[in-house]
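>>> the sequence isn't on hand, but the structure is:
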């Protein structure tokens, strides 16, 4: 008898129960056990084909009020990120079974609005060759939705397709941490080129891509992707025989790429002042520099100054009292970049910094981080500075005093 029961159980596992959305509410009690979850707006039944496992309950999570609304209130769809099949309804009178999630019923991809996936978007999103859905690229979007574990696919200005050095094919919007448009940075290349730093292969299309990328799209990618500053240098070179940007004739002055200098600060909180003081070191300075560089695409950090925050003491009536604010470390940065960059989010910088601290042997854990907006200094063109230096040198030879 027990063997027969075990055989029947192995054929299919169902732990779902009927659900009525009247028992779901936005302030209902959340439970990771779906059948016991009372948070949400709709009833949701989920099928995991890999495990032959079905659960049914309210559709809320700790961060999203209604997954059904997020997935487009579909009768049945395929969640591209997890491979699960999802049904939504106001009520499930009977327990769901595998046939309810058949391929012909659940072939439509879930919208997943939290990831920026929408119906009829101009950019088909593909990860490792697998279609995720469509989106419309927007530079006003966020790199990552803080209440969701996946990146926001809509972040960027142009639809790009790329082939990584390991051979994986990707397609989607071109926004990255600290950079709203990689394609614009490289001049929107419509033919394949190779990124100079990562060696990834890149193709951009401002009108979007509606088809999956293929291997043939990355044929003839020997040309290196050129940045806007590279193009400006080439276009501003003089027509003379010189190699630089002299005003005429045979000059050999420096190229005219303009680089701007910016200043910004980050402040992080830690457990106590002992940890903060440990971070203000040569290793800590390296970690802070690496964290910012990895968080903001295309910048060069030229100076980093660290100081403890809220770790002073004051003497009042012979009692030493610590300041009550949270202890931490402030970093003042100076960096250069050809184009303005968007500071990373505090969460992104915190994660990058914790990784860098561990890498550089600093035993500290950052609890939170905030960053200021960057303030720019006067832009100086390399060609102008070279010309000014030449003029001053010539004047000094002539013995002219100011």
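Here it is on my side, so go on. Treat the numbers as computed from the prediction; the structure is a model and nothing was measured.
>>> pull out the buried positions in the helix or strand that contains residue 54.
With secondary structure defined by DSSP states H and E, residue 54 is part of strand 53-58. Judged by neighbour count (16 or more other C-beta atoms under 10 Å), strand 53-58 contains these buried residues: 54, 55, 56, 57, 58. Yep, even glycine has a C-beta here, placed from its N, CA and C like the rest.
>>> got JSON lines for the residues you listed, with distance to residue 97 too?
Listed next are the buried residues of strand 53-58 as JSON lines, based on distance: C-beta to C-beta, whole Å:
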{"residue": "54", "distance to residue 97": "7"}
{"residue": "55", "distance to residue 97": "13"}
{"residue": "56", "distance to residue 97": "11"}
{"residue": "57", "distance to residue 97": "16"}
{"residue": "58", "distance to residue 97": "20"}
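>>> low-scoring stretches of the stretch 251-400 of the chain, by residue?
251-258, 297, 313-324, 339, 377-400 (pLDDT under 70).
>>> now do the helices in it.
Using DSSP state H, counting those that start in this stretch, the helices of the stretch 251-400 of the chain run over residues 273-279, 282-295, 346-359, 382-398.
>>> re the thing from before, for the strand holding residue 54, the averaged confidence score.
If you average the pLDDT over strand 53-58, you get 91.
>>> next: stretch 18-29.
pLDDT averaged over stretch 18-29 gives 90.
>>> just to revisit the earlier point, now, which of the buried residues of strand 53-58 sits nearest residue 113?
residue 58 (18.5 Å; C-beta to C-beta).
>>> that closest one and residue 46 touch, don't they?
No: with contact defined as C-beta atoms under 8 Å, residue 58 does not count as touching residue 46 (11.8 Å).
>>> on that earlier part again, for residue 355, state which of the buried residues of strand 53-58 is nearest.
When these are compared for distance to residue 355 (C-beta to C-beta), residue 55 wins out at 35.0 Å.
>>> neighbours of the nearest residue to that closest one once chain neighbours are set aside, just the number please.
Among residues not flanking residue 55 along the chain, residue 34 sits closest, at 3.9 Å (C-beta to C-beta, 6 or more residues apart in numbering). Residues near residue 34, counting by other C-beta atoms under 10 Å, number 19.
>>> please apply the same query to residue 122.
Applying other C-beta under 10 Å, I find that residue 122 has 16 neighbouring residues.
>>> how about the nearest residue to it, chain neighbours excluded?
Residue 122 sits nearest to residue 208 (C-beta to C-beta, 6+ apart), 3.3 Å away.
>>> what's the longest strand in this structure?
strand 258-269 (DSSP state E).
>>> residues of that one that come out buried?
For strand 258-269, by 16+ other C-beta under 10 Å, it's 258, 260, 261, 262, 264, 265, 266, 267, 268, 269.
>>> need those residues in TSV with distance to residue 190, can you?
As requested, the buried residues of strand 258-269 are exported to TSV (distance: C-beta to C-beta, whole Å):
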residue	distance to residue 190
258	26
260	28
261	33
262	31
264	34
265	40
266	38
267	43
268	42
269	46
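>>> return the set of residues that bridge with the nearest residue to residue 307 once chain neighbours are set aside.
Leaving aside its chain neighbours, residue 307 sits nearest to residue 330 (5.3 Å; criterion: C-beta to C-beta, 6+ apart). Bridge pairing for residue 330 (DSSP bridges) gives the partners residue 267, residue 307.
>>> and the spatially closest residue to residue 303 that is not a sequence neighbour, what does it touch?
Here the nearest residue to residue 303 in space, its sequence neighbours aside, is residue 334; by C-beta to C-beta, 6+ apart that works out to 4.1 Å. Contact analysis of residue 334 by C-beta atoms under 8 Å, 6 or more residues apart in numbering lists 261, 262, 263, 301, 302, 303, 304.
>>> try residue 156
Counting by C-beta under 8 Å, 6+ apart, residue 156 has contacts 137-139, 141, 172-176, 180-183.
>>> rerun at 10 Å
Taking C-beta atoms under 10 Å, 6 or more residues apart in numbering, we find residue 156 in contact with 116, 123, 135, 137-139, 141, 143, 172-176, 179-184.
>>> mind giving me the PyMOL select for those residues, buried ones only?
Buried residues among those (16+ other C-beta under 10 Å), as a PyMOL selection:
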select buried, resi 116+123+135+137+138+139+141+143+172+173+174+175+176+179+180+181+182+183+184
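>>> so which of the contacts of residue 156 sit within strands?
123, 135, 172, 173.
>>> counting neighbours, what do you get for the residue nearest to the first one when sequence neighbours are not counted?
The one in question is residue 123. Distance criterion C-beta to C-beta, 6+ apart; nearest residue to residue 123, sequence neighbours excluded, is residue 159 at 3.6 Å. Using other C-beta under 10 Å, the number of residues around residue 159 comes to 27.
>>> surely residue 159 and residue 175 touch.
No: judged on C-beta atoms under 10 Å, residue 159 makes no contact with residue 175 at a distance of 11.1 Å.
>>> list the residues that contact both of these two?
In contact with both residue 159 and residue 175: 137, 183, using C-beta under 10 Å, 6+ apart.
>>> just to revisit the earlier point, which one of the ones in strands among the contacts of residue 156 sits closest to residue 89?
residue 135 (26.7 Å).
>>> surely that closest one is in contact with residue 174?
No: here residue 135 lies out of contact with residue 174, judged by C-beta under 10 Å, at a distance of 11.7 Å.
>>> list residues touching both of those two?
What both residue 135 and residue 174 touch, as defined by C-beta under 10 Å, 6+ apart, is the set 123, 155, 156, 159.
>>> same list, those, but as CSV with pLDDT, secondary structure and distance to residue 287 please.
Shown next, in CSV, are the shared contacts of residue 135 and residue 174 (pLDDT from 0 to 100; DSSP: H, G, I helix; E, B strand; the rest coil; distance: C-beta to C-beta, whole Å):
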residue, pLDDT, secondary structure, distance to residue 287
123, 94, strand, 36
155, 85, strand, 27
156, 88, coil, 29
159, 95, strand, 36
